[in-house]
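Q: with the sequence up front, the predicted model follows.
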Amino acid sequence: MAQIAVVDQNNQQVGTRELNPAVFGLEPDVGFVHRVFTALAEARRSGTRATKTRAQVSGGGKKPWKQKGTGRARQGSTRATQWRHGGIAHGPKANANFATRINRKERQRALRLVLSDALREGRLVVVNKIELPAIKTKHFVDVMTALGAAKPLVVLDAENKTLSLSGRNVPNARIVLDGQVNLFDLMKCDRVILTEAAVDKIEERLA
């Protein structure tokens, strides 16, 4: 089993802990993580781009010239796709669905792989607890600085209003509960800071 030092919020070691290898001891699988991450990113797309077809463009009700006898190609509307100010053929639509199906087991395996990578790369920090004396951004920044985190993902086992309110204005900082951990946050942060109680719940859920 993988072993990791447990520190306090001042980054002083207070003990050690065995981590479940089924969650924190997986071998890298970059291709699998990339596939899941891409699918989740596509599902977040809002599909706001849109173009108008020839049926939606204003105007073009009158036939430009008669069908025969002019020597020119026949035309039915000035809003056809080949005309200036005409409609767009096969353009993007706002109602496009970019989602790719990723099942629960695949999402969980991707989380385990990224957590294992974080441990292997030294980006995983386990703290016994984090307690701030008051709701103050400076207190939160001081703790993150002590833990060496510039873009931290702090994972708690239970709601901590003092900590959440103190860190909500800090750029690139995320504070979530153990059940809210997702692939995006794990891959964007430079430190994954877990409380011991949060580790227990994550191992219970992902093992």
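A: It's in. Residues are numbered from 1 along each chain as shown.
Q: mind listing the strands for the protein?
A: Taking DSSP state E as the test, the strands found in the chain are 2-7, 13-19, 124-127, 152-156, 174-177, 191-195.
Q: and those strands, which is most packed in?
A: When you average the neighbours per residue for each of these (mean count of other C-beta atoms under 10 Å), strand 152-156 leads with a mean of 24. The way it works is simple: take the backbone N, C-alpha and C, and place the C-beta from them, glycine included.
Q: residue closest to the middle of the protein?
A: Residue closest to the mean C-alpha point of the chain, counted by C-alpha atoms, centre = their mean, is residue 184 at 2.7 Å.
Q: that one is in contact with residue 36, isn't it?
A: No - with contact defined as C-beta atoms under 8 Å, residue 184 does not reach residue 36; the gap is 10.9 Å.
Q: circling back to that earlier point, nearest to residue 44, out of the strands of the chain?
A: Closest approach to residue 44 among these is made by strand 174-177 (15.9 Å; C-beta to C-beta).
Q: coming back round to it: how about the strands of the chain in a markdown table, adding distance to residue 207?
A: Conversion of these to a markdown table gives the following (distance: least, C-beta to C-beta, whole Å):
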| stretch | distance to residue 207 |
| --- | --- |
| strand 2-7 | 13 |
| strand 13-19 | 11 |
| strand 124-127 | 16 |
| strand 152-156 | 16 |
| strand 174-177 | 18 |
| strand 191-195 | 15 |
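Q: which among these is found nearest to residue 206?
A: strand 13-19 (11.5 Å).
Q: low-confidence ranges, the chain, go.
A: In the predicted model, the chain carries pLDDT under 70 at residues 1.
Q: run the last query once more with 80
A: 1-2, 45-47, 95-99 (pLDDT under 80).
Q: which residue of it sits farthest from its center?
A: residue 69 (61.7 Å).
Q: the domain parsing of the protein - what is it?
A: Following automatic domain parsing, one gets these domains for the chain: 2-45+104-206, 46-97.
Q: list of residues touching the lengthiest helix in the chain?
A: If you go by DSSP state H, the chain has its longest helix at helix 104-120. Helix 104-120 is contacted from outside by 2, 4, 19, 22-29, 32-33, 36-37, 40, 123-124, 181-183, 186-187, 192, 202, 206, using C-beta atoms under 8 Å, 6 or more residues apart in numbering.
Q: what comes up buried for that helix?
A: Neighbour-count burial for helix 104-120, with 16 or more other C-beta atoms under 10 Å as criterion, is recorded at 109-119.
Q: tally of neighbours for residue 163?
A: Counted by other C-beta atoms under 10 Å, the residues lying close to residue 163 total 19.
Q: and it, what is it in contact with?
A: Contact analysis of residue 163 by C-beta under 8 Å, 6+ apart lists 130, 132, 140, 154, 156, 175.
Q: residue 93: which of those is nearest?
A: Closest approach between those and residue 93, by C-beta to C-beta: residue 175, at 37.6 Å.
Q: tell me what the nearest residue to that closest one once chain neighbours are set aside is bridged to.
A: Using C-beta to C-beta, 6 or more residues apart in numbering and skipping residues adjacent in sequence, the residue nearest residue 175 is residue 154, 4.6 Å away. For residue 154, the beta-bridge partners are residue 175, residue 193 (DSSP bridges).
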